[in-house]
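**Q** Structure for the following, please:
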Amino acid sequence: MPITRSNRREFLRAQATVNGKIGVTGYCSGGRATYLAACTIPNLQAAIDCWGGNVVVNDPSAITPKRPVAPIDLSADITAPLMGLFGNDDMNPSRADVDKTEAKLKSLGKNFEFHRYDGAGHNFLNYHGPNYRLAQAKDGWSKIFAFFGKQLG
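**A** Residues are numbered from 1 along each chain as shown. Below you'll find the predicted structure:
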């Protein structure tokens, strides 16, 4: 069966090695895409946003026909449990952006958990990159596996 946009979930769920539950995760722009997926794809069981920038849009000129809405404005539609990992030294998302996202999710009563790391910036889990931080990465990876284990079984 060719995989198309409309049958991806069904394809994934039909694989012999899965239990029918679907979780998504993304890093950087993929973290933003994960947040958007959590807002727009029904029947996800888990989503992990790792330092996804531009969930909060502070510059109105960033709203364009290709990006017509800030992901944070779609937060009411999140149905999956959401986890976020963020470095406190990151500039995108900044601490203030993470605060805004957290406040929005709290006000909506969403099932989420955010973890923030001092001494870490963008991409701190990537052991090949200059921003890798061993202690923060070890803790972050343990949280990722625990979250997916709990949500996806």
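
**Q** Extract the residue ranges of this structure that are flagged as low pLDDT.
**A** 1, 3, 5-6 (pLDDT under 70).

**Q** Kindly state the beta-bridge partners for the spatially most central residue of the chain.
**A** Per CA atoms, centre = their mean, the C-alpha nearest to the average position across the chain is that of D49, at 1.7 Å. Partner residues in beta bridges with D49, using DSSP bridges, are G26, G84.

**Q** So it sits against G31, correct?
**A** Yes: counting by CB atoms under 8 Å, D49 does reach G31; the two are 4.2 Å apart. For every residue, glycine as well, the C-beta is placed using N, CA and C.

**Q** OK, contacts around the spatially closest residue to I48 that is not a sequence neighbour?
**A** Excluding the flanking residues, the one nearest I48 by CB to CB, 6 or more residues apart in numbering is T25, at 4.0 Å. In this structure, T25 makes contact with 34, 47-50, 144, 148, judged by CB atoms under 8 Å, 6 or more residues apart in numbering.

**Q** who touches both of D49 and G31?
**A** By CB under 8 Å, 6+ apart, the residues touching both D49 and G31 are 55, 84.
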